[in-house]
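# Okay, predicted coordinates and the sequence, questions at the end:
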Amino acid sequence: MELLKAGMAGTVESGDILVEVEKTGASGVEIALDSTVMGLYGRRIREVIEQTVAECGVSGVKVTASDKGALDCTIRARVKTAILRACDSSDYGWTVK
Amino acid sequence: MHEKQRLRRTMMFIPGNNPGMMRDAHIYGSDSLMFDLEDSVSMAEKDAARMLVYNALKTIDYGTTELVVRINPLDTPYGRADIEAMVCAGAHVLRMPKTERAEDIIECEKVIEEMEIKHGIPVGTTLMMAAIEGALGVINAYAIATASKRLIGIALGAEDFCANMKCQRTLSGAELQLARQTIVLAARAAGIDALDTVYSDVNNEEQLLYEARLIKDLGFDGKSVINPRQIAPVHSVFNPTQKDIDKAKKIVAAIKEAEARGSGVISLNGKMVDKPVVIRAQRVIELALVSGIITKEEVESL
Amino acid sequence: MKNAIGHELSPELMKSLGLELHETAEKKDTATLHERLEHNGKLMPSLEDAIRAAGLKDGMTISFHHHFRDGDYVLNNVVATISKMGYKDITVASSSLSNAHGPLVQYIKDGTVTALQSSGCRGKLADAISKCEVELKKPVIFRSHGGRAAAIANGSLHIDIAFLGVASCDALGNASGTNAEGESMCGSLGYARVDARYADKVVLLTERLAAYPNLPASIPATDVDYVVKVDAIGDSSKISSGATRYTKNPRDLMIAETAAKAIMASGYFKDGFSIQTGSGGAALAVTRFIEGEMGEKGITADFALGGITSQIVKLHEQGLVKKVLDVQGFDGEAARSIRDNANHVEIDGNQYASPFNEGSAIHQLDVVILSALEIDTQFNVNVLTGSDGIIRGAIGGHPDTAACAALTVIVSPLIRGRIPCVVDHVGCLITEGSVCDVLVTDVGIAVNPNRPEVEERLRAAGLNVKTIQQLRDEAYAVVGKPDALEFGDKVVAVVTDPKGKALDVIYNVKA
């Protein structure tokens, strides 16, 4: 997939994460994270964001995230939604677990 | 295949784009959880809510709670994607909103089946329920209730129904009386559950109890709730009384005794016990067990 | 030496008894009561005058009470005045510090205040301390309510001047927290009474000068040196905020209901029992779920203790609780009830929770229900530092009551947001696990292995009992196992146990 524009998903409500993705010139994933649980889960949140971006098959992305204690599954959902929106894509990739 | 027949006293509504409520919504003990992709989600957030509920259902352990998802109608741009996502996520039941005719159910079932086949899920795994939210739906209630073997129940959606009927909701519930009775009649004729609408004033427990008693008396199986605080009051209405339980215990003991004798005739105090009485007694015991009024050991020792 | 009627009182006799010879007064005061009240030596025209008269010096320790919780105006007002007057190097020893006390940051920065002692700390001030944004001369000393009262009584916390806001007092200092109407009525002055009794000098601040004698008094005039009338001492509507409010939160209510069931099954729910509900929505709500059973089974409590809420008052007025022992009011109803109900009695911090005297009320406590920010698999509880390591709570009476109650019930959700509350190790040790008997969460109950008889009773009652390790695992299964926090190397606070011995240290967080 190819990022066509900036994409945003999520909210700043408790238990949610507001994610914005945009294209960078460079390759790889750049993450700017702010979290209410930075000390306990900052490392894990970055990991989940990186994984999700990789699963979407995009690179050269900057992810700006403001986390209010979202669970991993919420982070995954918000990052993926933001990327799909940025790519104008409906390639949701539903699979059975 | 998920359990078609089960206790459905309460179905708690969870807005589909609210992750804060999804983490552990099951701990409050509602029999079912209903994740909503429809009315509580704005058009701009349909994709986000769908992705969120999909991930939540695949990840979070909701224990034995029944997981229902209210999808958008097929005549919107979201319906098909909702069905595919929720079939894959393993939702137990898809709730079809604004059902008016049997065809609405049949069309949805086709898409569900298509998605089950596409993703290698045994056909028939995903169950359905239909919300009836208008005059036409009420008139077609029996046709709707019998439109698919996947259906576990039909439910009344009172807000839309009242808008359609050009009336207001009242404290007595007179405006819903015919709709409720039609729905429960259709459900019983079809052998599926009848589920009542929400009561939205969370702070008015008295009126909630009134509505719960009313619909229980009409024969409904349960009621939708919008807040965890509404669960216990509704359960309290559906839970059997100690008198019911004591009577049911005696009947169950008589059944066991008849079985031990190898006799098909169950008698209590010298009188034969009819089949409907036996079924009712067994249901009372089941309810008492689930609601924690009696223990498994107690039942086994009868 | 002869006295007025010619009897000899020899210097040797005086010396041997350590007595001085009586001197006849020049002239007795023949003014009327009302004339005297206008010219007495206690009523000061301004706070500055009272501070000067009380003899404040650089390096002294001043104290405050926290009965107004977030609505307190006195501490900020006094410290601002002291700063303006140029005093330095003051130790502030308040019975607690709240969100209201953010302005202290600037008075620490300007050198007015250089040390703090408190039960807790929150908000901007706590942040600044944890992040080393302000420099104190030594770490903050945190004490429990019982620990503070005992430390004041035994002299290990010496107070030079106590500045105490009171709802009403007369010109001589008979002061009450309840004999007033409106904003300044805070209810019990239990913690303040200890300061009033033991501080070298006591200055009362009031917005309502009452007629003499303002009795019954929480603080007697004989404990008071100066009285100042000020515009406002606090906003009592902010007492009942957050931790002390009547909860409608379904999670709190579910935990409270389960805790009530556990208490009723514990073996301690008997006629004549005693109970305390600590602050926090779930803890305070427990009484709502035992009330019905008390009425039905004819069980009454001999006394309810602690921070008192409208819910305890209601039980008292229904005759379900015989006496209410009130060290601190959590809402307006508690304040009203002290005034109106003869068996709702105001007690001081030592009567409440002295660890050194078996006569303090905590030693007679059957059941206490307490909140926790986190609890570990050894049942150790933290109520002071948050999941980010920053100070954001208060010890309160937690370790005092937990250690003495026959049954200590801790209530906590399993998870707050993404923060697990049942963990491998608490971030700060406030109450030792050995005295915490039962943990009630929203997904099940755990019983301390040192109370097998309680566990057996709860299981027999059909309650959902798990091991605390199971609960931790359930929490981690939802939110993931947390990483260890990283701290700096500076000790910003020391936690003491009720007897005043050091229990734990709090390090600064990395900014």
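Yes, it's here. Numbering: from 1, shown residues only, chains lettered A, B, ... in the order given.
# Which one of the residues in chain A is closest to chain B?
Closest to chain B within chain A is A:Gly15: 3.0 Å, counting by C-beta to the nearest C-beta. C-beta coordinates here come from the backbone N, C-alpha and C atoms, glycine included.
# quick check, that residue in a strand?
No: A:Gly15: not assigned to a strand; according to DSSP: H, G, I helix; E, B strand; the rest coil it is coil.
# tally of neighbours for it?
Using other C-beta atoms under 10 Å in any protein chain shown, the number of residues around A:Gly15 comes to 19.
# nearest spatial neighbour of it, skipping sequence neighbours?
Of all residues beyond its chain neighbours, the one nearest A:Gly15 is B:Gly20 (3.0 Å), with distances taken as C-beta to C-beta, 6 or more residues apart in numbering or on different chains.
# Wait, a helix at the one you found?
Yes: counting by three-state DSSP, B:Gly20 is found in a helix.
# got a list of what it touches?
By C-beta atoms under 8 Å, 6 or more residues apart in numbering or on different chains, B:Gly20 lies in contact with A:13-16.
# Please produce a PyMOL select command covering the buried subset of those residues.
The buried subset of those, as determined by 16 or more other C-beta atoms under 10 Å in any protein chain shown, is captured in PyMOL by this line:
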select buried, chain A and resi 13+15+16
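# Any chance of CSV for the contacts of B:Gly20, columns distance to B:Glu286?
CSV is the format used below for the contacts of B:Gly20 (distance: C-beta to C-beta, whole Å):
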residue, distance to B:Glu286
A:Glu13, 39
A:Ser14, 38
A:Gly15, 35
A:Asp16, 39
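# so which of the contacts of B:Gly20 comes closest to B:Asp244?
Ranked by distance to B:Asp244 (C-beta to C-beta), the contacts of B:Gly20 are led by A:Gly15 at 40.7 Å.
# residues touching that closest one, list them.
A:Gly15 touches A:68-71, A:74, B:18-23, C:417-418, counting by C-beta under 8 Å, 6+ apart.
# mind running it again at 6 Å?
When contacts are counted by C-beta atoms under 6 Å, 6 or more residues apart in numbering or on different chains, A:Gly15 touches A:69, B:19-20.
# do the same with C:Ile159
Contacts of C:Ile159 (C-beta under 6 Å, 6+ apart): C:61, C:63, C:195, C:199.
# quick one, phi/psi of the last one?
Backbone geometry at C:Ala199, expressed as degrees, to the nearest 10, gives phi -70, psi 150.
# What is the burial count for it?
24.
# for the first one, same thing?
For C:Thr61, the neighbour count with other C-beta under 10 Å is 18.
# Settle this for me: it is touching C:Leu157, isn't it.
No: counting by C-beta atoms under 6 Å, C:Thr61 stays clear of C:Leu157, with 7.7 Å between them.
# Doesn't B:Met12 lie inside a strand?
Yes: with three-state DSSP as the criterion, B:Met12 is part of a strand.
# For the nearest residue to it once chain neighbours are set aside, give its distance to B:Ser291.
Leaving aside its sequence neighbours, B:Met12 sits nearest to B:Ser30 (C-beta to C-beta, 6+ apart; 4.0 Å). Counting by C-beta to C-beta, to the nearest Å, the gap from B:Ser30 to B:Ser291 is 12 Å.
# neighbour count winner among those two?
Taking other C-beta under 10 Å, B:Ser30 and B:Ser291 do not tie; B:Ser30 has more neighbours (27 against 17).
# Model confidence score at the more buried one, please.
B:Ser30 is assigned a pLDDT of 96 by the prediction.
# just so I have it, where are all the strands in the chain?
Chain wasn't specified; assuming chain A. Using DSSP state E, the strands of chain A run over residues A:7-9, A:17-23, A:29-35, A:61-67.
# actually chain B
All strands of chain B, identified by DSSP E, fall at B:10-15, B:32-36, B:66-70, B:93-96, B:127-132, B:151-156, B:193-196, B:222-225, B:267-268, B:271-272.
# In CSV, list those strands along with distance to A:Ala32 and mean neighbour count.
Shown next, in CSV, are the strands of chain B (distance: least, C-beta to C-beta, whole Å; neighbours: other C-beta atoms under 10 Å in any protein chain shown):
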stretch, distance to A:Ala32, mean neighbour count
strand B:10-15, 29, 24
strand B:32-36, 31, 26
strand B:66-70, 34, 26
strand B:93-96, 38, 26
strand B:127-132, 43, 26
strand B:151-156, 45, 27
strand B:193-196, 46, 26
strand B:222-225, 40, 27
strand B:267-268, 73, 14
strand B:271-272, 77, 8
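# Tell me which of these lies nearest to C:Lys138.
Here strand B:10-15 is closest among those (C-beta to C-beta), at 50.8 Å.
# How about the contacts made by residue 62?
The chain I'm using is chain A. Contact analysis of A:Lys62 by C-beta under 6 Å, 6+ apart lists A:22, A:24, A:30.
# Not quite, go with chain C.
With C-beta under 6 Å, 6+ apart, C:Ile62 has these contacts: C:90, C:161.
# Right, I'll call it a day here.
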